[in-house]
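>>> A predicted structure for the sequence below; I have some questions about it.
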Amino acid sequence: MKTPDLTKLPSRAPAGFHKTATLRQMKSIKQELIELQDRLYAENTRSILVVLQGMDASGKDGLIRRVFSGLNPQGVRVHSFKEPTQLELSHDFLWRVHQQVPPKGMIHVFNRSHYEDVLVTRVSGQVTAEEAKRRFVAINNFEKLLQQAGTTILKFYLHVSEEEQRQRLQERITDPEKQWKYEAGDEGKAKQWPAYRAVYEDVFEHCNPSTCPWQLIPADQNWYKAYAVASALRDTLKKLDPQYPHSKEERPKAKAMR
């Protein structure tokens with residue numbers, strides 16, 4: 001994929017998509033996901049990692065609710081990567097990430113991910129361009145290792161426009177139902193859009209192998225964003241075609257209690 005110019009990337013649904021019809025399709029896709037995820041969990045031989053990245057206010061939390069609600073909670077885990085703790089900082093930057101990757105039979109969703117360590121850290125000046133290049137190599141090797149172990153990786157960038165991001169951040173101040181999302185510094189985040197655009201484009205250039213390419217999802221409309229991610233996950237599961245074991249010999253070993 002040619003490195004995209006995010007200033008020219010569409011942030012709204014393609015022509016021909018309409019909300020009412022798309023929501024009807026979404027219900028059908030969710031039913032397929034429920035069955036396919038159940039088969040993946042029962043088969044217990046492969047796993048899926050869903051990576052969600054995007055600018056602040058791109059709607060990662062809402063997307064997770066729309067796509068993954070209704071699935072068997074035993075087979076899905078969501079992990080949100082926040083500012084590293086002192087313990088995590090005392091290790092290499094992938095240490096905390098490796099502990100959260102999905103075991104066999106599971107779908108894990110990363111709300112933000114290992115890519116934060118070549119995005120936020122660069123915008124804040126904690127990591128230089130040279131160090132970022134070394135981390136790109138480590139990330140590519142890390143993802144290759146997961147794939148060799150039977151994990152399919154789906155990486156989604158939720159592309160929200162500058163205008164939409166600004167409006168959503170303002171709603172965190174003015175809308176009582178969204179004020180709980182407010183964080184100190186939200187007012188200035190919209191001004192960082194150009195800086196984040198540059199580092200995201202760098203990620204798309206250096207961490208975009210054909211085995212797990214980035215999928216760039218228009219994110220200004222929540223209904224389309226959820227449909228696009230759910231469709232991609234459904235298509236991936238159908239391609240994997242997990243099967244229920246049929247005999248004691250085929251049954252996977254019991255999962256350890258958590």
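Sure thing, it's come through.
>>> just the pLDDT for Ala256.
Ala256 is assigned a predicted lDDT (pLDDT) of 57.
>>> name the residues that touch the helix or strand where Arg234 lies?
Secondary structure assignment for Arg234, by DSSP states H and E: helix 222-240. Applying C-beta atoms under 8 Å, 6 or more residues apart in numbering, the set of residues contacting helix 222-240 from outside is 12-13, 17, 19, 22-23, 25-26, 29-30, 32-33, 36-37, 40, 46, 48, 50, 59, 62-63, 66-67, 152, 154, 156, 158, 215, 217-219. C-beta here means a position set from N, CA and C on the backbone, and glycine is covered the same way.
>>> now do stretch 68-85
In this structure, residues lying in contact with stretch 68-85 by C-beta under 8 Å, 6+ apart are 30, 33-34, 37-38, 40-41, 64, 96-97, 100, 102, 105-114, 116.
>>> from those residues, which ones fall inside helices?
30, 33-34, 37-38, 40-41, 64, 96-97 (DSSP state H).
>>> just the buried residues of those residues.
Among those, the ones that count as buried by 16 or more other C-beta atoms under 10 Å are 30, 33, 37-38, 40-41, 64, 96-97.
>>> which one of the residues you listed is nearest Asp241?
Nearest to Asp241, judged by C-beta to C-beta, of these is Leu40 at 9.8 Å.
>>> the closest one is in contact with Ile107, isn't it?
Yes. In this structure, Leu40 is within contact of Ile107 by C-beta atoms under 8 Å, at 7.0 Å.
>>> just the strands in the protein please.
Using DSSP state E, the strands assigned to the chain run over residues 47-54, 76-80, 107-111, 151-159, 214-218.
>>> just send the ones you listed back as TSV, with mean neighbour count and distance to Gln126 too.
As requested, the strands of the chain are exported to TSV (neighbours: other C-beta atoms under 10 Å; distance: least, C-beta to C-beta, whole Å):
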stretch	mean neighbour count	distance to Gln126
strand 47-54	23	18
strand 76-80	17	20
strand 107-111	22	20
strand 151-159	22	22
strand 214-218	20	23
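>>> now distance to Val229 too, for these, in JSON lines please.
JSON lines is the format used below for those (distance: least, C-beta to C-beta, whole Å):
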{"stretch": "strand 47-54", "distance to Val229": "8"}
{"stretch": "strand 76-80", "distance to Val229": "13"}
{"stretch": "strand 107-111", "distance to Val229": "10"}
{"stretch": "strand 151-159", "distance to Val229": "6"}
{"stretch": "strand 214-218", "distance to Val229": "6"}
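>>> okay, these in TSV with distance to Phe142 and mean pLDDT next?
Compiled in TSV, these are given as follows (distance: least, C-beta to C-beta, whole Å; pLDDT from 0 to 100):
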stretch	distance to Phe142	mean pLDDT
strand 47-54	11	98
strand 76-80	16	98
strand 107-111	12	98
strand 151-159	10	98
strand 214-218	16	98
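>>> out of those strands, nearest to Thr7?
Closest of these to Thr7 is strand 151-159, at 10.7 Å (criterion: C-beta to C-beta).
>>> OK, contacts around the residue nearest to Asp117 when sequence neighbours are not counted?
Once flanking residues are discounted, Asp117 sits nearest to Phe93: 4.4 Å by C-beta to C-beta, 6 or more residues apart in numbering. Shown in contact with Phe93 (C-beta under 8 Å, 6+ apart): 114, 117, 135, 138.
>>> ok, the nearest residue to Ala226 once chain neighbours are set aside - contacts?
Distance criterion C-beta to C-beta, 6+ apart; nearest residue to Ala226, sequence neighbours excluded, is Arg66 at 3.8 Å. Arg66 is in contact with 26, 222, 226, 230, counting by C-beta under 8 Å, 6+ apart.
>>> correct me, but Arg168 touches Lys60?
No. Arg168 is not in contact with Lys60 according to C-beta under 8 Å; the separation is 11.9 Å.
>>> as a markdown table, the buried ones among the ones in helices among the contacts of stretch 68-85 with pLDDT and distance to Pro4 would be great.
Written out in a markdown table, the entries for these read as follows (pLDDT from 0 to 100; distance: C-beta to C-beta, whole Å):
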| residue | pLDDT | distance to Pro4 |
| --- | --- | --- |
| Lys30 | 98 | 29 |
| Leu33 | 98 | 28 |
| Gln37 | 98 | 30 |
| Asp38 | 97 | 36 |
| Leu40 | 98 | 31 |
| Tyr41 | 98 | 35 |
| Ile64 | 98 | 24 |
| Arg96 | 98 | 29 |
| Val97 | 98 | 25 |
